[in-house]
Every structure is written in C-alpha cells, then in structure tokens.
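*Asks:* Okay, predicted coordinates and the sequence, questions at the end:
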Number of protein chains: 2
Amino acid sequence: VIELVGFDGDDTLWHSEGYYQAVHAGFERVLGKYLDLADARVHERLLAMERENLHLFGYGAKGMTLSMLETAISLTSERITASDLHHLLQLGKDILRHPVELLEGIREAVAEVAREARVVLITKGDLFHQEAKVAASGLGELFHRIEIVSEKDESAYRRVLSEFSVQPSRFLMVGNSLRSDIEPVLALGGWGLHMPYHVTWAHEASHGVDPGHPRLLRVDTPAQIPGALRDLQLRAAGSEAMSLPG
Amino acid sequence: VIELVGFDGDDTLWHSEGYYQAVHAGFERVLGKYLDLADARVHERLLAMERENLHLFGYGAKGMTLSMLETAISLTSERITASDLHHLLQLGKDILRHPVELLEGIREAVAEVAREARVVLITKGDLFHQEAKVAASGLGELFHRIEIVSEKDESAYRRVLSEFSVQPSRFLMVGNSLRSDIEPVLALGGWGLHMPYHVTWAHEASHGVDPGHPRLLRVDTPAQIPGALRDLQLRAAGSEAMSLPG
C-alpha cells in the first residue's frame, strides 16, 4: 500500500505561475518601448535565456530576474535605460514578495491524506524563497518533512525515499507538473496523481508521460485528492496481492 | 564523546570570499566612472543594500548580483548605462562559475575525521550553487550527508542534529565563521572548532563568541583539525565522566 505521499508546492498547494506570467507581461511592455514586439519574439528570447542560464542559476525567481535583465540588455543592444532596468528588477522582487494564496480546499485535502499516510512537501527552486512560502502558507506543520530540491529528477526522489526508508511502490506524488512531479516517480516504480493547473510554465510543458499509465490518476480539484488516493490504494493492494511488480 | 562532526563549506573546505571581494572591487571600478569613490562610500552602500534585501533574497551569489545592480542604479540616480550594468551582471555570473579550489590539506583532514566520527557538510546559501560546488569539490562522497540551509542559526542546527538523532553535546562544528559555525552550536551545548579564513565577509564579522569558551578550540590550518578533534574528545570524555553538563 501507499504509505508516503509527496505534494508539490507551486501551483499544487499555492498559486505561483500566474505571478510569473504577470511579470513576463510587464517585461514585454517595457521591451515594447525599444522593439517591435510583433517581430522580436521577446517571450521566446527570454525563455531561451532562462534555459541557457539554468546550469548556473537553477530554478527560481532570482535567476529568472537576472535572465530577464540580461535578455533586456541584449535584445536592446544595450540601449535600454537604467530606469527601465530598475523597473524590471522591481518586477522580479515583486515575485519574491507575492502573497501566498492556497488553492481552494488544499488544506483540508492534505490534512485528510495525512490521516492515512505520512506526507512530505517536495518542491524545487530557490531554498530561501520556498522556505518563505512554506512559512507563509501555514501548511508547514501538516507535513512530516519539507524537502526543497534543486531539480526534481529520479535521483532526487530516490534520495527522499531512502531518507524515509520507503520503497517507490509505496510512494505517491501529487502535483501539477507531469514532467517534474509524475514522470520521474512513475519511472522509479511509484504512483502519480496529476492535478493540472490552468497555466503551465513553458519549461515544464514537455514530458513523456502516458496518460493511460496504470499507476497514474488525474484529478481536477484538491477536494478529489483523498478519493483518488483511496482508488490508488486499492490498485496498489491489488498489484501486491497478485505479486505484480509495484 | 563527539560522534558527529559538521564542516562548513565556503572558506572552510574551498576558497570563496576572495571571489566575492574581487567582484566588489570590479563593482567599485564601474561606479568610479559615475561617482567620486572617496565620497560615495560605495562598498558600505552595497552592504546596506544586501542587508536590506536579505529578507527577500537570502544568501548567495544571485541575490548579491541583484543587490549590486540595484545599488548601482540607485547610487547613479539611474544614470548608469546598460553596458555597465551588463558588465556587473557578468561579474555576478563569474562568481557562479568560479573554480572550486580546496584549502590545502582539507581532503586529508576530512577523511581522517571521518574514520572516527560521522561527518556532515553544513553549508548555507544558494541551494543550486552550493550543490554545484559540492559536486565540483570532489568531497561529496566523504560526507554522510550534505545539508544546505538558508540560515545557520540554532534552529537549523537543532534540525540537523535531530535528523541524525545526536545530542548537541556529541556534536562538533568546524568552520571559519564564529557567527554562523560556532556561536549557535555553542549555544545549543555543542562543540566548536574555529579555523579563521584570511578574509571575512562583513556580514559575518559580528558575533558574541568568547574566545576562551571551554567547548571551543581554534586551528590555523586543515592539517591541525584531526589533532584538535582528539583534544576536544578528551575534554568531552572528561566532562561526561564528571557528569558536568555537556
């Protein structure tokens, strides 16, 4: 049976991506003073810069802000004013200050899941900002542990599971990103519960998850999470009874 | 006796502060094009901005770079060119790319300590950058665990000790910062081994450690660490035998 349930943070427990998209829109408005936005593919250039800097910056709002400044300087051939760059820097700081608003019903869902399994928050990105969001969310004490990782790949999940001494076949991950929350967990032999968010960061859009995978369910709202866990528990019990591989 | 030994990373295992100081010098050179450096107290203003942004950025090179850009824009009343800001941004990226050079003799010292106690690397700052430095150092496999924390205060050390199920009186921390590596550990009842680095970040300069504290020793080089641990083990055994508080 499933004895450990991981929850993603951004866009699973609290709203996040919308703040980033608002900043991207502000970025385009500033760049529109220098460039013909119809031609310049400003957003694509920003994403390309973020991708290029990922090996230095990792994920998170500080790296995104630095990439935004670098893209603005580069796309305007260093013509942009310090005043406009100052504005972009403040947009980046706004992300670090954004209020933490929980998804409706998520507190109740986590509390209900915590009555039948240990629950762990597994989130990626900037350590300091993620800790601040956990604190502001008021959800911290519901979780047995908070794990902030730099990348959500198979080795990160393997490390978390070994710290809990839990087999992958007894682990369920709940999150909005098929790429970060579901694909690596299924690959290890674990279970996935996908709860899509209404917007997805471009970097998370590509993945190789089969929507019909036997260890994967999908819900639309937090209120459906406890019921989905019960369904998956039945499947897990069934596959253990039949001695099928986890 | 001491059964767990923590090592700090920056300026204890590998050189770090020198790279930051080189960037600060580059920052002053750029600002010198706009301001009379003798009057402007550029370095103090940068430190003040870093302190002001600490609650949003936490520690690390990305936040330092953003504070540097913000200080430059503000001190020049937005007169600085995008070209000069671009240069500052590249200086910040250089820190994230700097080579990881070990302090002479530290690998041997950690390996020797690891033969008589569990060893854990406890470092603060940017998760992604610190992980990259641990990987580049080649020291990762010597440690039982790598703990990257956002702030090295009593509660952070208490959490690490509880994960290892170790009493503070059986824990020794080795590091260059009296403020971050020694003071909170002594306050918890643990042991401290201070190995000063030739330069100290201004933020780390203030502390309340008594240099004659009975659970504190000081060494000048990594080669002296194993011997200092043996001395502290004798003291620890002595205070246990006399049933003194750890």
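*Replies:* Yep, it's here. Source: prediction; values computed, not measured.
*Asks:* any weak-confidence spans in chain A?
*Replies:* A:243-246 (pLDDT under 70).
*Asks:* Would you mind listing what in it touches chain B?
*Replies:* Within chain A, the positions near chain B by CB under 8 Å from any CB of the partner chain are A:53, A:56-60, A:62-63, A:65-66, A:69-70, A:73-74, A:76, A:78-83, A:85-86, A:89, A:92-93, A:96-97, A:126-129, A:131, A:148-150. For the C-beta atoms, the positions are set from N, CA and C on the backbone; glycine is no exception.
*Asks:* Pull out the buried residues from those.
*Replies:* Buried subset of the residues of chain A next to chain B (neighbour count, 16 or more other CB atoms under 10 Å in any protein chain shown): A:53, A:56-60, A:62-63, A:65-66, A:69-70, A:73, A:76, A:80-82, A:85-86, A:89, A:92-93, A:96, A:126-129, A:131, A:148-150.
*Asks:* Sitting in helices, which of those do you find?
*Replies:* Under the assignment DSSP state H, these contribute A:53, A:56-57, A:62-63, A:65-66, A:69-70, A:73, A:82, A:85-86, A:89, A:92-93, A:96, A:127-129, A:131 to helices.
*Asks:* what sits against the residue lying closest to A:G192 once chain neighbours are set aside?
*Replies:* The shortest distance from A:G192 to any non-neighbouring residue, by CB to CB, 6 or more residues apart in numbering or on different chains, is to A:I182 (3.9 Å). Shown in contact with A:I182 (CB atoms under 8 Å, 6 or more residues apart in numbering or on different chains): A:M173, A:G175, A:G192, A:H194, A:H207, A:V209, A:L216.
*Asks:* and A:I182, that's in a helix?
*Replies:* Yes: assigned with DSSP: H, G, I helix; E, B strand; the rest coil, A:I182 falls within a helix.
*Asks:* The longest strand along chain A pairs with which strands, parallel or anti?
*Replies:* Using DSSP state E to define each element, chain A has its longest strand at strand A:118-124. In the sheet, strand A:118-124 lines up against strand A:4-7 (parallel), strand A:145-149 (parallel) (DSSP bridges).
*Asks:* can I get these in JSON lines with distance to A:E44?
*Replies:* Formatted as JSON lines, the strands paired with strand A:118-124 follow (distance: least, CB to CB, whole Å):
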{"stretch": "strand A:4-7", "distance to A:E44": "32"}
{"stretch": "strand A:145-149", "distance to A:E44": "28"}
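*Asks:* what's the most buried one of the ones you listed?
*Replies:* Most buried of the strands paired with strand A:118-124 by mean neighbour count (mean count of other CB atoms under 10 Å in any protein chain shown) is strand A:4-7; its value is a mean of 25.
*Asks:* which helices and strands does the helix or strand following it pack with?
*Replies:* Tracing the chain C-terminally past strand A:4-7 and defining elements by DSSP states H and E, one meets helix A:17-31 next. Judged by 3 or more CB pairs under 8 Å, 6 or more residues apart in numbering or on different chains; DSSP states H and E, helix A:17-31 is in contact with helix A:37-40, helix A:42-57, helix A:61-75, helix A:82-97.
*Asks:* what sits against the nearest residue to A:P211 once chain neighbours are set aside?
*Replies:* Closest residue in space to A:P211, ignoring its immediate chain neighbours: A:R218 at 7.5 Å, by CB to CB, 6+ apart. The neighbourhood of A:R218, defined by CB under 8 Å, 6+ apart, consists of A:L193, A:H194, A:M195, A:P196, A:P211.
*Asks:* For ChimeraX, what selects the buried ones among those?
*Replies:* Of these, the buried ones go into a single ChimeraX selection, burial set by 16+ other CB under 10 Å:
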select /A:193,194,195
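*Asks:* Alpha carbons only: can I get stretch A:189-196 in CSV?
*Replies:* Output of stretch A:189-196 as CSV, limited to C-alpha atoms (Å, rounded to 0.1, in the frame of the first residue of the first chain):
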residue,chain,number,x,y,z
GLY,A,189,8.0,2.4,-9.9
GLY,A,190,6.0,4.9,-7.8
TRP,A,191,2.4,6.3,-8.2
GLY,A,192,1.3,9.6,-9.6
LEU,A,193,-1.6,11.9,-9.1
HIS,A,194,-1.8,14.7,-11.6
MET,A,195,-3.7,17.8,-10.8
PRO,A,196,-3.3,20.2,-13.7
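*Asks:* Run the chain-centre distance for that stretch.
*Replies:* Chain-centre distance of stretch A:189-196: 13 Å, with CA atoms, centre = their mean, to the nearest Å.
*Asks:* And stretch A:31-47, by the same measure?
*Replies:* Using CA atoms, centre = their mean, the offset of stretch A:31-47 from its chain centre is 26 Å.
*Asks:* Ignoring the adjacent residues along the chain, who's closest to the residue located most distally from the centre of chain A?
*Replies:* Distance from the C-alpha centroid of chain A peaks at A:R79, with 35.0 Å (CA atoms, centre = their mean). Excluding the flanking residues, the one nearest A:R79 by CB to CB, 6+ apart is A:Y34, at 6.2 Å.
*Asks:* Check the secondary structure at the one you found for me.
*Replies:* Under three-state DSSP, A:Y34 comes out as coil.
*Asks:* Surely it touches A:I80?
*Replies:* Yes: contact criterion CB atoms under 8 Å: A:Y34 and A:I80 qualify, at 6.1 Å.
*Asks:* What residues sit buried inside stretch A:105-116?
*Replies:* Under the neighbour-count criterion of 16+ other CB under 10 Å, stretch A:105-116 has A:I106, A:R107, A:A109, A:V110, A:V113 buried.
*Asks:* ok, now which ones touch the third one?
*Replies:* A:A109 makes contacts with A:P222, A:A223, A:I225, A:P226, as judged by CB under 8 Å, 6+ apart.
*Asks:* Just give me the closest of those to B:A135.
*Replies:* Nearest to B:A135 among those: A:I225, at 35.7 Å, using CB to CB.
*Asks:* For the closest one, give its distance to B:V219.
*Replies:* Remark: distance between A:I225 and B:V219 (CB to CB, to the nearest Å) = 53 Å.
*Asks:* Same question for A:L234.
*Replies:* From A:L234 over to B:V219 the distance is 60 Å, taken as CB to CB.
*Asks:* Comparing these two, which residue is more hemmed in?
*Replies:* Neighbours per residue, other CB atoms under 10 Å in any protein chain shown: of A:L234 and B:V219, the larger number sits with B:V219, 19 against 10.
*Asks:* thinking again about what came up before, count of residues packed around the residue nearest to A:R79?
*Replies:* A:Y34: 17 neighbours (other CB under 10 Å).
*Asks:* Repeat that for the one 10 residues further on.
*Replies:* The tally of other residues near A:E44 (other CB under 10 Å) stands at 10.
*Asks:* now it: how far from B:E50?
*Replies:* To B:E50, A:E44 is 33 Å away according to CB to CB.
*Asks:* check contacts around the residue nearest to A:D84 when sequence neighbours are not counted.
*Replies:* Leaving aside its sequence neighbours, A:D84 sits nearest to A:V30 (CB to CB, 6+ apart; 5.2 Å). Residues counted as contacts of A:V30 (CB under 8 Å, 6+ apart) are A:A72, A:I80, A:D84, A:H87, A:L88.
*Asks:* And the residues you listed, which is closest to A:A136?
*Replies:* Closest to A:A136, out of all of these and judged by CB to CB, is A:L88, at 24.4 Å.
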